[in-house]
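A.B. asks: sequence and predicted structure are below.
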Amino acid sequence: MMLSSHFCEVFSMLLTRHLDANASLVALIEPLAAGDGFTPTALPGVQVLRASCDVARGPHIYEPSLMIIAQGSKLAYLGPRTMEYGAGHYLIQALPVPFECETFALPNAPLLGVSVAIDRVLLGELVLAMGLAPGRGGAAQTPESMTSVVLDDGMRGCVERLLSCLHDPLESRIMGPARLRELLFTALRGPQADVLRALVEQQGQFARVAASISHLHAHYNEPLNVETLASCANMSASTFHEHFKRSTLLSPVQYLKRLRLLKAQTLLVAEGLGVAQVAHRVGYQSTSQFSREYKRYFERNPGDERAA
């Protein structure tokens with residue numbers, strides 16, 4: 001959804017950037033966030049996030065995760081949807097879907113958050129142990145791959161206990177896995193439990209689309225077609241195309257193109273490789289086609305990334 005600059009300005013003033021109830025979360029994240037961007041912690045799959053200033057809207061892709069924001073705010077744009085996940089919210093990213101994101105922060109009140117990867121094995125164990133029956137409540141409804149949830153006291157307490165244990169190496173090693181289990185358990189009792197449950201319902205359409213996306217991420221630089229991906233999901237090509245687009249708001253071809261371009265940006269920025277080298281590494285046969293599509297998506301030439 002394209003918003004006018006005036007509307008965006010007004011909307012940004014209404015964002016929840018600060019919440020007194022989050023003071024302890026902010027105090028726990030600050031020492032763990034070494035600098036701007038994502039910083040790994042002692043627990044695999046857990047990262048803290050910091051942004052000292054506003055970051056303009058741009059393309060991103062996150063692995064399946066829960067993103068809890070303690071201070072500052074973000075706006076996510078996915079197809080026609082615009083979602084706030086700011087102080088007092090957490091984002092459930094069930095599928096790694098390309099989207100656009102805008103960050104709002106101040107030097108004296110930086111955006112601070114924590115990202116927790118969704119462990120599908122642990123999720124499956126919890127769904128089974130909790131007796132959450134597959135397909136309950138009508139299987140025709142496709143869950144949303146990305147959704148913002150209000151951070152209630154129960155979830156806030158879980159996040160606080162998780163962050164607290166990260167400050168002590170011994171506690172992190174011994175209690176960390178239990179804290180992650182508690183966090184996922186609490187999310188499964190929350191208002192958006194259906195999307196998490198759908199991830200591990202092996203016969204469900206959502207889980208099968210997730211399996212095809214995993215294959216796509218592992219082989220994005222190879223020639224891929226809808227038929228190959230459909231076979232990963234154990235669906236006909238037409239059924240797969242329909243469910244894939246319903247789950248991600250992109251066709252499989254659009255998804256693959258955006259994934260390749262996002263992977264290319266990482267290679268250009270982090271590794272400083274040449275444009276032609278990157279184009280071929282992410283699966284493009286033509287460097288000029290890669291450059292055109294890169295500029296259309298990121299609104300800058302791939303060569304500018306290396307210079308930056």
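C.D. replies: The structure has been received and is ready for your questions. Numbering: from 1, shown residues only.
A.B. asks: list of residues touching the longest helix belonging to the chain?
C.D. replies: When the chain is scanned for its longest helix (criterion: DSSP state H), the result is helix 169-188. Contact with helix 169-188 is made by 41-43, 45-46, 66, 92, 116, 118-119, 122-123, 126-127, 130, 132, 154-155, 158-159, 161-162, 164-166, 193, 196-197, as judged by CB atoms under 8 Å, 6 or more residues apart in numbering. Bear in mind the C-beta positions are built from the backbone N, C-alpha and C, glycine included.
A.B. asks: what about 7 Å?
C.D. replies: Defining contact as CB atoms under 7 Å, 6 or more residues apart in numbering, one finds that helix 169-188 is touched by 42-43, 66, 116, 122-123, 126-127, 130, 154-155, 158-159, 161-162, 165-166, 196.
A.B. asks: what of stretch 36-50?
C.D. replies: 29, 32-33, 35, 51-52, 110-117, 119, 166, 169, 172, 176, 180.
A.B. asks: can you rerun that using 8 Å?
C.D. replies: Outside stretch 36-50, the residues that reach it (CB under 8 Å, 6+ apart) are 29, 32-33, 35, 51-52, 67, 110-117, 119, 162, 166, 169, 172-173, 176, 180.
A.B. asks: of those, buried ones?
C.D. replies: Using 16 or more other CB atoms under 10 Å as the burial test, those include 29, 32-33, 51-52, 67, 110-117, 119, 162, 166, 172, 176, 180 as buried.
A.B. asks: all strands for the stretch 51-200 of the chain, in order.
C.D. replies: Along the stretch 51-200 of the chain, counting by DSSP state E, counting those that start in this stretch, strands occupy 55-60, 65-71, 73-78, 81-86, 89-93, 99-104, 111-117, 146-150.
A.B. asks: touching, Phe206 and Pro143? I think so.
C.D. replies: Yes: Phe206 is within contact range of Pro143, at 5.6 Å (criterion: CB atoms under 8 Å).
A.B. asks: turn the strands of the stretch 51-200 of the chain into CSV, including distance to Gly303 and mean pLDDT.
C.D. replies: What follows is these, written out as CSV (distance: least, CB to CB, whole Å; pLDDT from 0 to 100):
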stretch, distance to Gly303, mean pLDDT
strand 55-60, 18, 92
strand 65-71, 32, 95
strand 73-78, 27, 92
strand 81-86, 32, 88
strand 89-93, 31, 92
strand 99-104, 23, 94
strand 111-117, 30, 96
strand 146-150, 32, 90
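A.B. asks: quick one, which of those strands gets closest to Arg296.
C.D. replies: Among these, the nearest to Arg296 by CB to CB is strand 55-60 (11.1 Å).
A.B. asks: and that closest one, which strands flank it?
C.D. replies: strand 99-104 (antiparallel) (DSSP bridges).
A.B. asks: what about the contacts of helix 169-188, which are in helices?
C.D. replies: Leu122, Leu123, Leu126, Val127, Gly154, Met155, Cys158, Val159, Arg161, Leu162, Cys165, Leu196.
A.B. asks: ok, so of those, who is nearest Val253?
C.D. replies: Leu196 (28.0 Å).
A.B. asks: do you know the pLDDT at that closest one?
C.D. replies: If you check Leu196, the pLDDT there is 91.
A.B. asks: over to Gly138?
C.D. replies: For Gly138, the predicted pLDDT is 42.
A.B. asks: please export the C-alpha coordinates of stretch 154-173 as CSV.
C.D. replies: Backbone C-alpha positions of stretch 154-173 (Å, rounded to 0.1, in the frame of the first residue of the first chain) are rendered in CSV as follows:
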residue,chain,number,x,y,z
GLY,A,154,2.7,-12.8,30.0
MET,A,155,4.9,-12.5,26.9
ARG,A,156,6.7,-9.6,28.3
GLY,A,157,7.7,-11.7,31.4
CYS,A,158,9.0,-14.5,29.2
VAL,A,159,11.1,-12.1,27.1
GLU,A,160,12.5,-10.5,30.3
ARG,A,161,13.5,-13.9,31.7
LEU,A,162,15.1,-14.9,28.4
LEU,A,163,17.1,-11.6,28.2
SER,A,164,18.1,-11.8,31.9
CYS,A,165,19.7,-15.3,31.4
LEU,A,166,21.7,-14.0,28.5
HIS,A,167,23.7,-11.8,30.9
ASP,A,168,25.1,-14.9,32.7
PRO,A,169,27.0,-17.5,30.6
LEU,A,170,26.2,-20.3,33.0
GLU,A,171,22.5,-19.4,33.3
SER,A,172,22.4,-19.0,29.5
ARG,A,173,23.8,-22.4,28.9
